[in-house]
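what shape does this take:
(one chain, ligands or ions: 1)
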Amino acid sequence: MTQLYAVRMDVALPPDMDPAARGDLLAREKAYSQEWQRSGHWRHIWRCVGEYANLSVFAVESNEELHSILWGLPLFPHMTMTITPLAGHPSDIALAGPGA
Ligand SMILES: O=C(O)C[C@H]1C=CC(=O)O1
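Model prediction:
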């Protein structure tokens, strides 16, 4: 069964990182992220205003699958992550039947 997770990723790159290496890393990160978005596993990605951070929603089959996707991020060694498993909310009108 598909499970939803909110993942906040905070990025901290070394300030003295070589600009070419930084550019290559970010290009690989973008390609990897967009591949998982196209597959439907990475449902949303939002920039956290004023921060080098994003808030993303993943749809995966297991903790292990999410771990594998996150572990593969080229930026993973430079990220701190906060992961929140999501459950349906009883007040969500999208989950209620007609007339509820
Ligand atoms: O910019 C970021 O938030 C970090 C990272 C996550 C996906 C991506 O393309 O970059």
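
so which residues on the chain come close to the ligand?
With C-beta under 6 Å from any ligand atom as the criterion, the chain meets the ligand at residues 9, 11, 29, 30, 33, 54, 75. Glycine gets a C-beta too; all of them are placed from N, C-alpha and C.

the first one is in what secondary structure piece?
Counting by DSSP states H and E, the element that carries residue 9 is strand 3-11.

who are the packing partners of the helix or strand that comes right after that strand?
Later in the chain than strand 3-11, the nearest helix or strand by DSSP H and E is helix 19-39. Under the contact definition 3 or more C-beta pairs under 8 Å, 6 or more residues apart in numbering; DSSP states H and E, helix 19-39 sits against strand 42-47.

enumerate the positions of the helix or strand following the strand it packs on that are buried.
Counting by DSSP H and E, the next helix or strand C-terminal to strand 42-47 is strand 53-60. For strand 53-60, a neighbour-count test (16 or more other C-beta atoms under 10 Å) marks 53, 54, 55, 56, 58, 59, 60 as buried.

can you lay out those residues as JSON lines showing pLDDT?
Shown next, in JSON lines, are those (pLDDT from 0 to 100):
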{"residue": "53", "pLDDT": "98"}
{"residue": "54", "pLDDT": "99"}
{"residue": "55", "pLDDT": "98"}
{"residue": "56", "pLDDT": "98"}
{"residue": "58", "pLDDT": "98"}
{"residue": "59", "pLDDT": "98"}
{"residue": "60", "pLDDT": "98"}
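
nearest to the ligand among these?
Proximity of the buried residues of strand 53-60 to the ligand was ranked by C-beta to the nearest ligand atom; the top entry is residue 54 with 3.5 Å.

any idea what the closest one is bridged to?
On the basis of DSSP bridges, residue 54 takes part in beta bridges with residue 9, residue 47.
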